[in-house]
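Colleague: Sequence first, then the predicted structure:
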Number of protein chains: 2
Amino acid sequence: MPAEQASGNKVGQKSRRAIFRARDKYFVPAKTRRDNRRVPASEQLQGSKISAMNPSIVLRNATRAAVRRPLAQSVRIAVPALRVAGRRWASTEGAATTAAETEPTKKVTKLTADSYPNLQRGSHFSKITAEDVAYFESICPIISADRGATEDDLKPFNQDWMNKYRGQTRLVVKPKSTEDVSKILKHCNERKLAVVPQGGNTGLVGGSVPVFDEIVINMASMNNIRSFDEVSGILTCDAGVILETADSYLREHGYIFPLDLGAKGSCHVGGNVACNAGGLRLLRYGSLHGTVLGVEAVLPDGTILNDLSQLRKNNTGYDLKQLFIGSEGTIGIITAISIVCPQKPKSQNVAFFGVESFDKVQQTFVKTKQALSEILSAFEMMDSNSQNIVGQVTGRKHPLESKPPFYILIETSGSNPEHDSEKLNALLEDLMENEFISDGTLAESETQQKELWAWREGIAEALGHFGGVYKYDVSIPLKELYVLVDDVRAKMKDAGLLSTPENPENVVVDCVGYGHMGDSNLHLNVAVRQFDKRVEKVLEPFIYEWIQKRRGSISAEHGLGVAKSDFVQYSRGPTELAVMKGLKTMFDPNGIMNPYKYVKANA
Amino acid sequence: MPAEQASGNKVGQKSRRAIFRARDKYFVPAKTRRDNRRVPASEQLQGSKISAMNPSIVLRNATRAAVRRPLAQSVRIAVPALRVAGRRWASTEGAATTAAETEPTKKVTKLTADSYPNLQRGSHFSKITAEDVAYFESICPIISADRGATEDDLKPFNQDWMNKYRGQTRLVVKPKSTEDVSKILKHCNERKLAVVPQGGNTGLVGGSVPVFDEIVINMASMNNIRSFDEVSGILTCDAGVILETADSYLREHGYIFPLDLGAKGSCHVGGNVACNAGGLRLLRYGSLHGTVLGVEAVLPDGTILNDLSQLRKNNTGYDLKQLFIGSEGTIGIITAISIVCPQKPKSQNVAFFGVESFDKVQQTFVKTKQALSEILSAFEMMDSNSQNIVGQVTGRKHPLESKPPFYILIETSGSNPEHDSEKLNALLEDLMENEFISDGTLAESETQQKELWAWREGIAEALGHFGGVYKYDVSIPLKELYVLVDDVRAKMKDAGLLSTPENPENVVVDCVGYGHMGDSNLHLNVAVRQFDKRVEKVLEPFIYEWIQKRRGSISAEHGLGVAKSDFVQYSRGPTELAVMKGLKTMFDPNGIMNPYKYVKANA
Ligand SMILES: Cc1cc2nc3c(=O)[nH]c(=O)nc-3n(C[C@H](O)[C@H](O)[C@H](O)COP(=O)(O)OP(=O)(O)OC[C@H]3O[C@@H](n4cnc5c(N)ncnc54)[C@H](O)[C@@H]3O)c2cc1C
Ligand SMILES: Cc1cc2nc3c(=O)[nH]c(=O)nc-3n(C[C@H](O)[C@H](O)[C@H](O)COP(=O)(O)OP(=O)(O)OC[C@H]3O[C@@H](n4cnc5c(N)ncnc54)[C@H](O)[C@@H]3O)c2cc1C
């Protein structure tokens, strides 16, 4: 790098070294996009390579950039070996692995019922009759095998975003109003017909598709913004409004949705609330438990629960809406939400830097919170292994030239560009002077911001390129966040499974850790050349027990669905589970709502 | 005011008028205090006049400034008239009136059981036996009439902060650990002994004291800070820690508690969570539903529910802790909480100004949110009637000389004093240029900030000086926040009850409105010379119906307790109430937890 450039963006006069530099030519300008906001890393890193769109998503969302599903050649390579091994999904072993275990695109995804042979169709559930179909048809549009719908017509509703789970529904109903939902559920409850509420179908734990022949209640046709108050910033809208649509609407009015995530072009706000999505803005705007003010829901018996308050304060009895936030469609269908939305920020900055130890990452987090305080909107941590892999897979030059063991991405969102820069510069100067950070760069344009984000958001995609990935999305008290990665790596090494200079072909490519440091949310990913029972044995139940010991969470933000339903006891005690089962039974005595998933009342 | 002074703090060169001026001599320096933070307005406005300390509070909190109870000569003057009228507490009429209806300090407070004759002692509850007392004594310290405790010894536990409610307990137990609480509740549940969980006993709706002979479980002895993580800002502590103690502890570590309220010197964090207190920081830091991360609670049967997560993200089943937030002691006893705490702000500003209409108040709110965005920490609204009364009662000179119909107090809390002042000045300049505000002043020291706050916080106290106050603490969609006050004032005028220049002695002194505009929380207060059935008839059910029509809340932050238990149907529909009753029955099948209050399962 030329000396002039290196000193170009030097922070302050007191800096020992001019490590913060202007971004140089490896920045390839991003394609012109529909709007100026961040785009999914998959698009940025892969460009035209991506082509296999999810038909269900395109169908429901034809006019906007939809979320792309993972590439067959990346995350699905290891699957044939797995199938030969005849692995059982229902056992503890390896059940936390996700995308990597699904079929190549052209192959038919294994039925969830076959992957989880311990799940049996509820014998008390009725089968759909011609009368049922006729009744539903009298209420709203349906897609029914009994009316000529083919398997392909039903596929978008039977199969999940990762092509990992596949159900066997013969009937999809598409209510257009809360009253429609009420009539549908009342009928299902009386007839004991099991149902699956479905939003944008972007969930990552198999919660949004049937296991057997459950009726899919798809919410896409309930997509009206009901009201927005420009004074209070309170939005009320149907559950089926797409997150990005809500956000775009709000931006036109000077606000933003207090939640942001990669699937925003397809997921529904109702789906977000149903799975209590976390995403990229949680550090700043808090969880949906704080921002959602009201929920309108239809209970399993068809009763409409109108808790659609537009008030920030309402202390008149138990806060029922809270139970629906994160309930994953098991106690009722959310038909509308109201939510308090923050101001649209007038300025944003992104800095990216290297740190020599996890201790220093923690100290840097404290310093950053102190210095940036009210303007800090993201604090993301990545280890060097994850960055090496992104570089290796994408062939791009890393923004930092040094090779520190940890990287941090900081984002600020504020109301005054000058003030924000001043705060950020003061922080960076301080961090450098005190030798917290070893190297760094500051984005100088929105394009550069996106490119820096791509090194964080591209990790998941890149990891899949070697064969398969064992994925864990967990919460751990901050102090020990990275210890888990070290421990797992040490165990892989001890077991002789980790690739080393001496044994470069060992099955484990690497154990990497990254995640929402600001929220104590770690993504531990173990990239492998192929799935291997020996690796699984090292991972489980070791990881679950490790998390349990620290009172961590085996699912930070993705929920339980089918995937983690059998492991919830690692994060919840028997009393908690008993109360949860009591709640489920109270709301849904016939168990028609999204059976076989979440906390099973009769397990 | 001298011209030099008037121009001293002029905002910007473009200002049409130099309306923002330095605070002049009416500022009397506040007494030196234990810390530098805001003090209850009562202390500031009344100084040495206040003497009647609440003995229960002093007892439990000897080393710190406790919350003072209202003065007999101020808010309790009208009571004798009331008693003569033989008014029934249990009817809708006037039941929302609070402090003003209690006894003068020297008189004995009427038993709640007498004030609410519709409440009957649960016939299925046992009476305490000698064996019960012996058993409790074997667990932890107790105060028992059977061990010689006098009525005076029990009074601090039987009587509430306002001296409005009085119970008849003969036994107070003071557990020192979660296990103590568990043993106590298990025994009570088996023996069908009713209990009242009690925190700092500062609640304003009669929820924290018994109605009949319920055993008081006082949490004051469970007062340890269990842990604090300086990196994540997550505090875990016993339920009985006093809010101010927690806040002081946090301040030493560079953090603050995300809740602040006038009773902080006495109330418990467990009590705050149990009634989902709102307070002064909600606009900035959000509700406890977002900040509380975990709750440890003992269920009525003695089972310990350990949901004391220290994680910001944990999507593993229904979020049970949410049910305890705002449950007012009806489904279990909270023994510990964990909560994520914000940074201590490095700079604070307070501005106070006049506005010509409620429309402009709303527009000012929008502009303020836009300009101050991340540093706005309070936006309080007061009408001129409330300010006139504070001036009249305290005899102090109002900070503003003009007489606009509305006043606004804005507070900023940020991390950089220069940036914050710059943002605030830019806002004020803009507001003046666009004629949103007509007059204003900016505090130049912490003392001046406190003095300005006193004009907001002193309203409640001042209103009581005329005889009595009908008080309503309600949430209304922002647009119509002040319309309720206008409507009520118009009705009083139409009914010939409002004092006017022609009839200066009419019973209604004035109808005033003020409150947490940022949270849509209005305090509607009707100050009267004495309580009067004619006034009550105009107020109720008119106000409840008015609120119901707007889907407002009849209790924004104080909860239901005894006071609003019978009116909850104005804010909650039958389905919601049915679900709430189901929850109560599920958690507490014997109904031993805080009976006669909140949402009654068998009502
Ligand atoms: C590319 C990508 C990125 C992601 N990033 C994040 C992230 O950063 N953070 C995060 O937390 N999650 C993330 N996710 C997962 C996330 O949970 C979903 O994207 C989203 O929140 C689900 O919304 P949906 O409308 O697609 O719900 P679906 O997938 O349709 O449903 C999810 C669950 O909610 C239930 N449900 C849906 N709608 C309703 C309703 N109206 N009423 C009742 N129940 C309902 C379903 O039955 C199911 O159990 C990501 C997913 C993808 C594909
Ligand atoms: C001067 C003053 C100012 C106030 N300002 C505000 C304000 O700005 N905002 C606001 O929201 N409120 C305010 N309040 C009322 C507020 O609710 C209380 O001050 C406080 O939150 C109650 O805490 P406490 O520990 O005193 O609870 P208590 O009064 O002892 O109890 C309140 C309720 O919670 C239950 N409870 C208490 N502890 C527990 C426990 N550990 N487990 C289960 N249940 C329990 C009780 O049974 C009771 O039903 C104010 C009160 C006063 C006196």
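Modeller: Received, thanks. Since the structure is predicted, the reported quantities are computational estimates derived from the model, not experimental observations. Residues are numbered from 1 along each chain as shown, chains lettered A, B, ... in the order given. Ligands and ions are numbered 1, 2, ... in the order given.
Colleague: tell me which element residue A:338 falls in.
Modeller: Residue A:338 is part of strand A:333-340, with elements assigned from DSSP states H and E.
Colleague: Adjacent strands (with direction) for the helix or strand following that strand?
Modeller: Scanning forward in sequence from strand A:333-340 by DSSP H and E, the next helix or strand is strand A:347-355. Within its sheet, strand A:347-355 is paired with strand A:406-414 (antiparallel), strand A:437-442 (antiparallel), according to DSSP bridges.
Colleague: Can I get the longest one in CSV? Just the C-alpha atoms.
Modeller: I take that to be strand A:406-414. Provided in CSV are the C-alpha atoms of strand A:406-414 (Å, rounded to 0.1, in the frame of the first residue of the first chain):
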residue,chain,number,x,y,z
PHE,A,406,-9.8,-11.7,16.1
TYR,A,407,-11.6,-9.2,14.0
ILE,A,408,-14.3,-6.7,15.1
LEU,A,409,-16.9,-4.9,13.0
ILE,A,410,-18.4,-1.8,14.6
GLU,A,411,-21.4,0.1,13.2
THR,A,412,-22.7,3.4,14.4
SER,A,413,-26.1,4.9,13.6
GLY,A,414,-26.8,8.4,14.7
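Colleague: Would you mind giving me the confidence score for residue A:391?
Modeller: Looking at residue A:391, its pLDDT is 95.
Colleague: so who does it touch?
Modeller: Under the criterion of CB atoms under 8 Å, 6 or more residues apart in numbering or on different chains, the contact list for residue A:391 reads A:397-398. Backbone N, C-alpha and C define where each C-beta goes, glycine included.
Colleague: List the buried residues for the helix or strand containing it?
Modeller: Assessed by DSSP H and E, residue A:391 sits inside helix A:384-394. For helix A:384-394, the buried set under the neighbour-count rule, 16 or more other CB atoms under 10 Å in any protein chain shown, comprises A:384-387, A:389-390, A:393-394.
Colleague: Kindly calculate the angle that that helix makes with strand A:347-355.
Modeller: 110 degrees (axes from the mean of the first three to the mean of the last three CA atoms, to 10 degrees).
Colleague: from the middle of its chain, how far away would helix A:384-394 be?
Modeller: The chain centroid and the centroid of helix A:384-394 are separated by 21 Å, computed with CA atoms, centre = their mean, to the nearest Å.
Colleague: now swap in stretch A:347-358 and tell me
Modeller: 22 Å.
Colleague: Quick check: buried residues in that stretch?
Modeller: Neighbour-count burial for stretch A:347-358 [16+ other CB under 10 Å]: A:348-356, A:358.
Colleague: tell me the mean pLDDT for stretch A:586-598?
Modeller: The model assigns stretch A:586-598 a mean pLDDT of 98.
Colleague: what about it and chain B, touching?
Modeller: Yes. Using CB under 8 Å from any CB of the partner chain, stretch A:586-598 reaches chain B at A:586-587, A:598.
Colleague: Outline the domain layout of chain A.
Modeller: Using automatic domain parsing, the domain ranges for chain A come out as A:3-28+A:346-457, A:90-218, A:225-340, A:466-567.
Colleague: Which of those sits closest to residue B:125?
Modeller: domain A:225-340 (22.9 Å; CB to CB).
Colleague: Is the closest one positioned near chain B?
Modeller: Yes. Using CB under 8 Å from any CB, domain A:225-340 reaches chain B at A:229-233, A:254, A:275-276, A:278, A:282, A:286-287, A:289-291, A:299, A:303-320, A:322-323, A:325-327, A:331.
Colleague: of the residues you listed, buried ones?
Modeller: By 16+ other CB under 10 Å, these give A:229, A:231-233, A:275-276, A:278, A:282, A:286-287, A:289-291, A:299, A:303-320, A:322-323, A:325-327, A:331 as buried.
Colleague: Those also near ligand 1: which ones?
Modeller: Contacts with ligand 1 within these, counted by CB under 6 Å from any ligand atom: A:275, A:278.
Colleague: Tell me which of the buried ones among the residues of domain A:225-340 next to chain B fall in helices.
Modeller: A:282, A:289-291, A:322-323 (DSSP state H).
Colleague: Hmm, residue A:224 and residue A:235 touching each other?
Modeller: No. Checked against CB atoms under 8 Å, the pair residue A:235 and residue A:224 is beyond contact range at 11.8 Å.
Colleague: Please identify which of these two sits among more neighbours.
Modeller: Between residue A:235 and residue A:224, counting by other CB atoms under 10 Å in any protein chain shown, residue A:235 is the more crowded of the two (26 against 14).
Colleague: Then that one would be within a strand, right?
Modeller: Yes. In this structure, residue A:235 lies within a strand as judged by DSSP: H, G, I helix; E, B strand; the rest coil.
Colleague: and the residue of the stretch 501-603 of chain A found nearest ligand 1, how many neighbours does it have?
Modeller: Here the residue of the stretch 501-603 of chain A nearest ligand 1 is residue A:557; by CB to the nearest ligand atom that distance is 3.3 Å. Neighbour count for residue A:557, taken as other CB under 10 Å: 25.
Colleague: Regarding it, what is its secondary structure?
Modeller: Going by three-state DSSP: residue A:557 is coil.
Colleague: and the gap between the residue nearest to residue A:573 when sequence neighbours are not counted and residue B:124?
Modeller: For residue A:573, ignoring the flanking residues on the chain, the nearest one in space by CB to CB, 6 or more residues apart in numbering or on different chains is residue B:306 at 5.5 Å. Here residue B:306 is placed at a distance of 30 Å from residue B:124 (CB to CB, to the nearest Å).
Colleague: same thing with residue A:181?
Modeller: Applying CB to CB to residue A:181 and residue B:124 gives a distance of 40 Å.
Colleague: Likewise for residue A:185?
Modeller: From residue A:185 to residue B:124 the distance is 36 Å (CB to CB).
Colleague: Among these two, which residue is more densely surrounded?
Modeller: residue A:185 (26 against 10).
Colleague: count of residues packed around the residue nearest to residue A:311 when sequence neighbours are not counted?
Modeller: Spatially, and ignoring its direct neighbours in sequence, residue A:311 is nearest to residue B:475 (4.1 Å; CB to CB, 6+ apart). For residue B:475, the count of nearby residues is 31 (other CB under 10 Å).
Colleague: ok, residue B:475 touching residue B:551?
Modeller: No. Taking contacts as CB under 8 Å, residue B:475 lies outside contact range of residue B:551: 9.5 Å.
Colleague: Mutual contacts of these two, please.
Modeller: Common neighbours of residue B:475 and residue B:551 (CB under 8 Å, 6+ apart) are residue A:311.
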